[in-house]
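Asks: from the sequence below, what's the structure:
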Amino acid sequence: MNTCGPSSNTICSISNANTAAPSHLTPEATLGRHLARRLVEIGVSDVFTVPGDFNLALLDHFVAEPELNLIGCCNELNAGYAADGYARSRGVGACAVTFTVGGLSVLNAIAGAYSENLPVICIVGGPNSNDHGTNRILHHTVGLPDFSQELRCFQTVTCYQAVVSILEDAHELIDEAISTALRESKPVYISIACNLSTIPHPTFSREPVPFSLTPKLSNKLALEAAVEAAAVFLHKAVKPVMVGGPKMRVAKASEAFVELADASGYALAAMPSAKGLVPEHHPHFIGTYWGAVSTAFCAEIVESADAYIFAGPIFTDLSSVGYSLLLKKEKAIILQPNRVVIGSGPAFSGVLMKDFLSALAKKIQINNTAHVNYSRIFVPHGHPLRCAPKESLRVNILYKHVQNMLSGETTVLVEAGDSWFNCQKLKLPEGCGYEFQMQYGSIGWSVGATLGYAQADPEKRVLAFIGDGSFQMTVQDISTMIRCEQKSIIFLINNGGYTVEVEIHDGPYNVIKNWNYTALVDAIHNGEGKCWTTKVFCEEELVNAIQTATGPQKDSLCFIEVIVHKDDTSKEVLEFGSRVAAANGRPPNPQ
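Replies: The predicted model follows:
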């Protein structure tokens, strides 16, 4: 056994029951083993955890499950981020922490998973069932006899909450929580009273009935009507385009999106948070549509179109660059996972996005005008000027070399900041993954997410791009990556502060204490496990570092600290910063 390792309809917290176990039950017929088996059954083979006295007995039963691996993290926040990263690869993730002090620490990560539509099973070891309703004050609480503070916090960032304090209800509550997470593609909260997980009970004496989630189906008549209306709408257009959005993931509609692109001949683009969901090797792919900071010539084609299909968009102040998108509602077909809205006219509910796209592909007429126009105006990207020998490394040179590292065996994982904009310009080859947390944008997310993603898919090498400010938030779990023998390559972009914040609103609070990050990782490594580090100041050193990381050290965790000037930013972050600052600084409307 490797020891490395918004609101709910149902909340159940019931008083203590008789917990004496019948003598004929086996030690495996316990709540703890049942929950462990359920996690394995849905595809979770790793649970990210921090031990605490309320969850220790439960963790014993997780350890006893031969197909479940416990990965001890340095703090609960990183455990939650790791479950987020794991869910991005496996489709579901899980973390286990202790009551309140652990639960409230992991809460921020669970909120991020909620914003990104990721099914994460958040398990909390709760108080002894005998303490519910007794007016006692317990440790790890805020000093009140009411134990519901943690639950009330989780109600806003999970789609279901189950508080298990009686064995007879545990099977039903756990199954309903897990089923809801998978069905809604959102996190759920499961609290297990600390004295219940070890007691055999008849409800756990047999192998659990396998999960059988009822598949979602489109309303046939609504689907036919939506496709007919969309076809009429699009066939009137001269230069229609397609734009993929982040909710394509939860709708499982990426293949259907490509099916329509192939059938229609339309130019296709991706919103920034959908990078990785739209195939960039497709012959009609034109880039990232991000308003004023779009990749070259993409915004011009999208915003000049007379019809556009947006599949699963989320329009926020960030994705719209301070509400500056030049789009018109009457030109748009907006697809959500189970709803279609056509222009300013009809809306069709009960229509699944993937069904709509596939059905429309069989009815659409070919029109490649937008892509022909793009080909006409497109000018190939220029190459950055070569650095002089020993000249200080520039960011555009860094990403030129990163582009050559990408393959179907890599995944790019990007931290909030200027890396968002630089990595958007990378061209992803077929099979190359791409992950970042745009909606929630919690800095420090990427360390835990790298841990989780790499654990979920060890066949892919994660290339993580993390700013120095973000890294200071969550650096500790580099140690967990080493302990788990992961082989990610982390590029630490050391530019001396919160650069993206500087471009939005500068001040002394954006300057941080510089660390010797390479020496810090060496100290964490401490000679145990496989870890290789280096610090690069110029292009020659970068080239040597990449050759070493992908050659002799390909089976090690590699940490490359890249020293760049504090003002060496992409032109996109300069534009983005000024527009977001203008949006944030709008004066109050007149009363």
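Asks: any regions of the stretch 401-550 of the chain where pLDDT drops low?
Replies: 497-506, 509 (pLDDT under 70).
Asks: okay, buried residues for stretch 168-179 please.
Replies: D169, A170, H171, L173, I174, D175, E176, A177, I178, S179 (16 or more other Cβ atoms under 10 Å). Every residue, glycine included, has its C-beta placed from N, CA and C.
Asks: I'd like to know how far the second one sits from E184.
Replies: In this case it means A170. Going from A170 to E184 by Cβ to Cβ, to the nearest Å gives 21 Å.
Asks: again, but for the fifth one
Replies: Going from I174 to E184 by Cβ to Cβ gives 16 Å.
Asks: thinking again about what came up before, tabulate the buried residues of stretch 168-179 in TSV, adding columns for secondary structure.
Replies: Shown next, in TSV, are the buried residues of stretch 168-179 (DSSP: H, G, I helix; E, B strand; the rest coil):
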residue	secondary structure
D169	helix
A170	helix
H171	helix
L173	helix
I174	helix
D175	helix
E176	helix
A177	helix
I178	helix
S179	helix
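Asks: adding pLDDT and distance to K216, write those out as a markdown table.
Replies: Below are the buried residues of stretch 168-179 laid out as a markdown table (pLDDT from 0 to 100; distance: Cβ to Cβ, whole Å):
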| residue | pLDDT | distance to K216 |
| --- | --- | --- |
| D169 | 90 | 27 |
| A170 | 93 | 28 |
| H171 | 91 | 25 |
| L173 | 95 | 23 |
| I174 | 95 | 22 |
| D175 | 93 | 19 |
| E176 | 94 | 17 |
| A177 | 96 | 19 |
| I178 | 96 | 17 |
| S179 | 94 | 13 |
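Asks: with distance to A464 added, can I get those residues in CSV?
Replies: Listed next are those as CSV, based on distance: Cβ to Cβ, whole Å:
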residue, distance to A464
D169, 42
A170, 38
H171, 39
L173, 37
I174, 34
D175, 35
E176, 36
A177, 31
I178, 29
S179, 33
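Asks: out of those residues, the closest to K535 would be?
Replies: I178 (44.9 Å; Cβ to Cβ).
Asks: tell me the SS of the closest residue to the closest one other than its chain neighbours?
Replies: Sequence neighbours aside, R38 is the residue nearest to I178 in space, at 5.8 Å (criterion: Cβ to Cβ, 6 or more residues apart in numbering). Secondary structure, three-state DSSP: R38 is helix.
Asks: how far away is R38 from G496?
Replies: For R38, the distance to G496 - Cβ to Cβ - is 47 Å.
Asks: next one: phi and psi at S89?
Replies: Dihedral angles of S89 (phi, psi; degrees, to the nearest 10) stand at phi -90, psi -50.
Asks: surely it and Y453 touch.
Replies: Yes: assessed by Cβ atoms under 8 Å, S89 is found in contact with Y453 at 5.2 Å.
Asks: so which of the two has more stuff around it?
Replies: Of the pair S89 and Y453, Y453 is the one with more neighbours under other Cβ atoms under 10 Å, namely 28 against 19.
Asks: my read: the more buried one touches V412, true?
Replies: No: contact criterion Cβ under 8 Å: Y453 and V412 do not qualify, at 10.6 Å.
Asks: mutual contacts of these two, please.
Replies: E435, V462 (Cβ atoms under 8 Å, 6 or more residues apart in numbering).
Asks: any residues in contact with both of S89 and Y453?
Replies: Residues touching both S89 and Y453 (Cβ under 8 Å, 6+ apart): T411, K460.
Asks: isn't there a helix covering V475?
Replies: Yes: using three-state DSSP, the assignment for V475 is a helix.
Asks: what sits against it?
Replies: Counting by Cβ under 8 Å, 6+ apart, V475 has contacts V447, L520, I524.
Asks: how is this protein partitioned into domains?
Replies: 31-204, 220-377, 395-576 (automatic domain parsing).
Asks: if I look at L151, how far off is V379?
Replies: In terms of Cβ to Cβ, L151 sits 57 Å off from V379.
Asks: between these two, point out the one with more neighbours.
Replies: The neighbour comparison of L151 against V379 (other Cβ under 10 Å) goes to L151, with 21 against 7.
Asks: give me the helices and strands touching the strand or helix carrying the more buried one, please.
Replies: Under the criterion of DSSP states H and E, L151 resides in helix 149-155. Applying 3 or more Cβ pairs under 8 Å, 6 or more residues apart in numbering; DSSP states H and E, one finds that helix 149-155 contacts helix 101-115, strand 161-164, strand 188-193.
Asks: of all the ones you listed, which one is nearest I309?
Replies: Here helix 101-115 is closest among the helices and strands packed on helix 149-155 (Cβ to Cβ), at 23.9 Å.
Asks: after the closest one, which helix or strand is next?
Replies: strand 120-126.
Asks: give me the angle between that following strand and helix 101-115.
Replies: If you take axes from the mean of the first three to the mean of the last three Cα atoms, to 10 degrees, strand 120-126 sits at 160 degrees to helix 101-115.
Asks: low-scoring pLDDT stretches of this structure, where are they?
Replies: 1-25, 27, 206-209, 211, 497-506, 509, 571, 574.
Asks: which residue, other than its chain neighbours, is closest to R249?
Replies: Closest to R249 by Cβ to Cβ, 6+ apart is L277, at 6.0 Å.
Asks: so that neighbour makes contact with M248?
Replies: Yes: contact criterion Cβ under 8 Å: L277 and M248 qualify, at 4.8 Å.
Asks: hey, what's in contact with both of the two?
Replies: S254, F257.
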